[in-house]
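Engineer: Have a look at this fold, sequence not included:
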């Protein structure tokens, strides 16, 4: 800090006074939350085999490089069971592997949570871990399954025989259906 001295003029340095102090500033790190891109809604027909849904843009946060974990929940696991998560450390993409059960249809809200390891670098100490959460809808549309009937046993009928009645059993509308 400098004052202008007795003459009030900063230009005449001989009478100006000076003082200084040293200040120490400690910058403490903060854990910025992780982030990932939104996941588009998914619609599939019932009885769809294994389906992979990508989760992209995964990052620990600006200028951070701690461990990450991806977890998933399903609001309706009878229609859309919780998927298997494929995620490798350091990757910017995860894969959600869905296998809807046979003959199930409806929808589920899928919640994807990305958690970072926090300032201590430990995913198992959640107090300082950051999280990002996104949801998307996974819809399974019904299909008209073929009707079913139990096998009919072979029957031998003589030529010119009178009318024969065959008993039919096990007639069903089709997998998971109940129409007449």
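Structural biologist: Perfect, thanks for sending it. Only a predicted model underlies this, so the values are computations on that prediction, with no experimental measurement involved.

Engineer: Name the residue closest to the centre of this structure, please.
Structural biologist: Closest to where the C-alpha atoms of the chain average out (CA atoms, centre = their mean) is residue 112, at 2.8 Å.

Engineer: so where's this protein uncertain?
Structural biologist: 175-180 (pLDDT under 70).

Engineer: Could you pull out the strands in it for me?
Structural biologist: Applying DSSP state E to the chain gives strands spanning 42-45, 51-55, 68-74, 84-86, 94-98, 106-116, 131-141.

Engineer: neighbouring strands for the second one, and are they parallel or not?
Structural biologist: Right, strand 51-55. The pairing partners recorded for strand 51-55 under DSSP bridges are strand 94-98 (antiparallel).

Engineer: Okay, angle between the partner strand and strand 106-116 too, please.
Structural biologist: Angle between the axes of strand 94-98 and strand 106-116 is 150 degrees (criterion: axes from the mean of the first three to the mean of the last three CA atoms, to 10 degrees).

Engineer: Wait, residue 54 touches residue 95, no?
Structural biologist: Yes: applying CB atoms under 8 Å as the test, residue 54 and residue 95 come out as touching, 6.1 Å apart. All C-beta atoms are positioned from the backbone trio N, CA, C, and that covers glycine.

Engineer: Those two - which one has more neighbours?
Structural biologist: Using other CB atoms under 10 Å, the more surrounded residue of residue 54 and residue 95 is residue 95, with 16 against 13.

Engineer: how far away is that one from residue 77?
Structural biologist: According to CB to CB, to the nearest Å, residue 95 and residue 77 sit 19 Å apart.

Engineer: repeat for residue 83
Structural biologist: 10 Å.

Engineer: just residue 28 next, same as before
Structural biologist: Distance, residue 28 to residue 77, by CB to CB: 42 Å.

Engineer: So between those two, which is more surrounded?
Structural biologist: Neighbour count, other CB under 10 Å: between residue 28 and residue 77, residue 77 has more, with 11 against 5.
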